[in-house]
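Trainee: please work out how this folds:
(one chain, ligands or ions: 1)
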Amino acid sequence: MDGKKDVFYMQKALRQAQIALKKNEVPVGAVIVNKDGQVIGRGYNKVEKLKCQTGHAEIIAIKKACKKLKDWRLEDCWIYVTLEPCLMCLGLIKLSRIKGLVFGSCSNEFGFGYKNIKVCNFYKKNLIIKQGLKEVESIKLLKNFFKKLRLNRKVKGEAEKTVLRKGRKEIVTKKS
Ligand SMILES: [Zn+2]
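Mentor: Okay, the predicted model is just below:
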């Protein structure tokens with residue numbers, strides 16, 4: 001995989017993250033590419049929709065790729081994720097025998113701990129890991145999401161206040 005190809009596939013992962021953003025999910029996207037350069041699995045974060053933490057973008061993309069290949073072994077495949085995978089997803093990536101992982105920004109809070117390289121080698125097979133591709137775009141999407149979330153809360157808060165005010169008004173009206 002050369003740099004240009006990596007950028008190409010990461011853009012596809014970012015497109016998935018944008019879909020998540022539109023659906024009010026934390027914007028994380030993933031794609032799986034086989035050795036011929038064909039995208040065999042796509043996924044975006046669906047934790048809110050599925051009401052379950054198994055709705056991570058990587059899990060959805062891996063499930064689709066396995067279904068397509070009719071095999072749980074994703075040898076010679078690469079996964080592109082916009083954000084550093086969590087420990088659960090890294091475990092799945094390794095167990096699925098994926099050859100390489102390319103991810104955008106690090107996640108200090110939820111990531112598997114890329115900066116601690118020892119964690120990366122906890123299974124027999126080594127996984128090639130590249131970090132930092134389209135990092136700015138990935139972070140921008142996340143920032144947009146949290147900004148939107150704060151804004152929604154504010155609007156909701158104001159709506160609640162209005163309802164409360166109306167309620168009070170009604171009580172006052174009834175009394176008089
Ligand atoms: Zn995960």
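Trainee: list, one by one, the residues from this protein near the ion.
Mentor: Residues of the chain found near the ion, taking Cβ under 5 Å from the ion as the criterion, are His56, Cys86, Cys89. For the C-beta atoms, the positions are set from N, CA and C on the backbone; glycine is no exception.
Trainee: if we use 8 Å, what do you get?
Mentor: Remark: the part of the chain in contact with the ion comprises 28, 53, 56-59, 85-90, 110, using Cβ under 8 Å from the ion.
Trainee: now do the contacts for the spatially most central residue of the chain.
Mentor: Centre of the chain computed as the mean C-alpha position; nearest residue by Cα atoms, centre = their mean is Val28, 2.3 Å away. Applying Cβ atoms under 8 Å, 6 or more residues apart in numbering, one finds that Val28 lies in contact with Ala17, Ala20, Tyr44, Asn45, His56, Ala57, Val81, Thr82, Leu83.
Trainee: next one: Lys115
Mentor: Neighbour list for Lys115: Cys106 [criterion: Cβ under 8 Å, 6+ apart].
Trainee: element containing it?
Mentor: When secondary structure is defined by DSSP states H and E, Lys115 falls outside every helix and strand.
Trainee: now do it against Cys66, distance only.
Mentor: Using Cβ to Cβ, to the nearest Å, we find Lys115 at a distance of 30 Å from Cys66.
Trainee: what about Asn152, is that helix, strand or coil?
Mentor: helix (DSSP: H, G, I helix; E, B strand; the rest coil).
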